[in-house]
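*Asks:* I need the structure of the sequence given here:
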Amino acid sequence: MPPADQAEGVEAWFGPAPDLAEWASASFIDDAAPLRNPDHEHLRSASIGFLWTNVPNAKKGRMVIGTAEPGAPQGAMGKWGRAKATLQVTEWFGMVPDFIITIDASWWLQASDAEACALIEHELYHCAQDRDEYGAPKFNRQTGRPVFAMRGHDFEEFIGVVRRYGADAAGIRELIEAAEAGPEIAATSIAQCCGTCLRA
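*Replies:* Numbers count the residues shown, from 1 in each chain. Predicted structure coming up:
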């Protein structure tokens with residue numbers, strides 16, 4: 001849990017969440033994890049830094065409660081800007097992790113267990129191992145470590161296309177079958193609250 005005084009404070013705050021990182025790995029990634037998800041197996045060798053924040057965030061008119069992003073600073077910034085961003089990340093985590101997941105601490109304090117699990121897994125799904133042109137997992141030739149990348153959603157389609165032409169035409173048959181089978185853990189509602197998703 002984030003510190004309540006920081007989560008509800010008026011000063012903008014970002015703070016490392018090593019306990020949340022440990023819990024996420026122990027819950028979803030490790031071999032003995034009670035909610036182990038084989039879809040996250042590639043993350044066993046990834047370093048993932050978690051941050052709490054109390055800074056309200058919205059994109060495209062929707063509240064953002066979590067984001068996943070590469071650990072190394074991205075985007076167009078000058079040499080000093082990149083150096084400052086890298087220094088900040090290193091001060092938070094002691095190194096530059098493969099991924100950083102940021103969670104809205106105020107939301108987390110009122111979330112149900114199922115909502116919290118759903119959000120963390122959603123963000124973990126954005127953290128992927130890169131693939132080559134043949135679809136095989138990529139590895140760094142010098143280190144042998146996996147090459148990591150951000151992952152988009154499994155599908156994006158208009159409801160009207162599905163309504164008019166069916167799930168097969170839209171390529172979402174597996175999604176519909178998964179929905180019809182019902183939730184494996186619990187029903188939740190975190191749709192449209194991920195900042196990573198809203199970047200597109």
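*Asks:* Which pLDDT value belongs to residue 199?
*Replies:* Residue 199 is assigned 58 on the pLDDT scale.
*Asks:* Can you name the helix or strand that the residue nearest in space to the middle of the chain falls in?
*Replies:* Centroid-nearest residue in the chain: residue 123, 1.8 Å away (criterion: Cα atoms, centre = their mean). Using DSSP states H and E, residue 123 sits within helix 113-126.
*Asks:* Can you classify the closest residue to residue 34 other than its chain neighbours by secondary structure?
*Replies:* If the residues on either side of it in the chain are set aside, residue 34 comes closest to residue 27, at 6.5 Å by Cβ to Cβ, 6 or more residues apart in numbering. Glycine gets a C-beta too; all of them are placed from N, C-alpha and C. Secondary structure state of residue 27, per DSSP: H, G, I helix; E, B strand; the rest coil, is helix.
*Asks:* What is the neighbour count of residue 27?
*Replies:* 17 (other Cβ atoms under 10 Å).
*Asks:* Ok, the one 5 residues further on next?
*Replies:* Look at residue 32: counted by other Cβ under 10 Å, it has 6 neighbours.
*Asks:* circling back: can you tell me which helices and strands the helix holding residue 123 packs against?
*Replies:* Helices and strands touching helix 113-126, by 3 or more Cβ pairs under 8 Å, 6 or more residues apart in numbering; DSSP states H and E, are helix 18-24, strand 66-70, strand 99-104.
*Asks:* so the residue nearest to residue 34 touches residue 121, yeah?
*Replies:* No. With contact defined as Cβ atoms under 8 Å, residue 27 does not reach residue 121; the gap is 9.0 Å.
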